[in-house]
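Visitor: Requesting a structural model of the entry that follows:
(one chain, ligands or ions: 1)
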Amino acid sequence: MGNGLPRPIKLGRISYTNAWPVFHHFDPAELPFQTELHSDMPATLNRKLRAGEIDIAAISSYAYGISSASYYLLPNLSVSSFGRVQSILLFLKSPLEKVIHGKIALTTTSATSVNLLKIIMEKFYGGKPTYEDAEPSLESMLENADAALLIGDHAIRASWLKHGYRVLDLGEVWNLWTGQWMTYALWAVHRETAHRYPEALQSIYNGLLESKRKSTDDLEPIVSKALHQIGGTSPYWHNYFQHLCHDFGAEQKAGLQLYFQYARELGLMSDEVQLSELPSLRVSR
Ligand SMILES: C=C(O[C@@H]1C=C(C(=O)O)C=C[C@H]1O)C(=O)O
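Guide: Presented below is the predicted three-dimensional model:
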């Protein structure tokens, strides 16, 4: 095995475009330690990290929050927005007044956004809808629900359809009600892996930060990949990536702690969350 590791480090990559800036220029083959990439939807990565099937991953910030004692965060990495995010969307078939007491279909790919939606519906709008998990397909979700929540590229593709539904952007609603940032995803590593393989983690971390830096300096490579793989227009993707933030500083942490507080108040999670960053890491930004 490469450079003395008894086994490869397994790294989970969110397959949605929102995480591309941190992964696009990251090539495991260039690392001195053997690293396997596992691409999946956020909810699957949440489960695999929880089960120890992978060591480190970009996961839903909600999934981090309910298991934070087992994980460390990789500093200054997240998927966040201040206001509109454009890929966490509630499509309304019925008027909002009916939706807040009606039935909402929830994509099975998410954890942060389904709980963000509950905060918005129950805490901000004073509603009490029922929720039903569903595969992420707009038309089938709306066959027997008043509204449908989609995230990531499923939401982006659906937003391009001539569907005629009113659409709420949950990043925008959160920001209007709280004035805060919202953080949807974080990079987490099992504490045990971090203690056992510090050098390997340092090199993975450096690679992820380097990818983020390259993407921030020049959006063109990820914009043209998105055009090829998903469609849309170059201005659309420039605008999309420019509105996402992949840092995790004091402002993003404050927004996320407020989200965790509201989630606790609604009984969606039980414990306070310590945002514990990997202690041994040398952070070069
Ligand atoms: C911005 C997004 O952030 C995401 C939302 C997640 C969630 O709701 O659990 C998890 C990871 C991110 O992919 C998005 O999906 O559009």
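Visitor: who's residue 38 bridged to?
Guide: residue 12 (DSSP bridges).
Visitor: Wait, it touches residue 48, no?
Guide: Yes - counting by Cβ atoms under 8 Å, residue 38 touches residue 48, with 7.0 Å between them. Every residue, glycine included, has its C-beta placed from N, CA and C.
Visitor: joint contacts of these two?
Guide: 12, 54, 57 (Cβ atoms under 8 Å, 6 or more residues apart in numbering).
Visitor: Would you mind listing what in this structure touches the ligand?
Guide: Within reach of the ligand by Cβ under 6 Å from any ligand atom, the chain has these residues: 14, 16, 18, 42, 60, 79, 85, 87-88, 110-113, 151-152, 184-185.
Visitor: Now do the same contact list for the most centrally placed residue in the chain.
Guide: Nearest to the mean C-alpha position of the chain, counting by Cα atoms, centre = their mean, stands residue 185 at 3.2 Å. In this structure, residue 185 makes contact with 14, 18-19, 42, 58-61, 78-79, 112, judged by Cβ under 8 Å, 6+ apart.
Visitor: could you point out the longest strand in this protein?
Guide: strand 71-81 (DSSP state E).
Visitor: Skipping adjacent residues, who's closest to residue 98 in space?
Guide: Leaving aside its chain neighbours, residue 98 sits nearest to residue 146 (5.8 Å; criterion: Cβ to Cβ, 6 or more residues apart in numbering).
Visitor: Actually, residue 239.
Guide: Nearest to residue 239 is residue 86, by Cβ to Cβ, 6+ apart, at 7.9 Å.
Visitor: same thing with residue 263?
Guide: In space, residue 263 is closest to residue 269, 4.7 Å off (Cβ to Cβ, 6+ apart).
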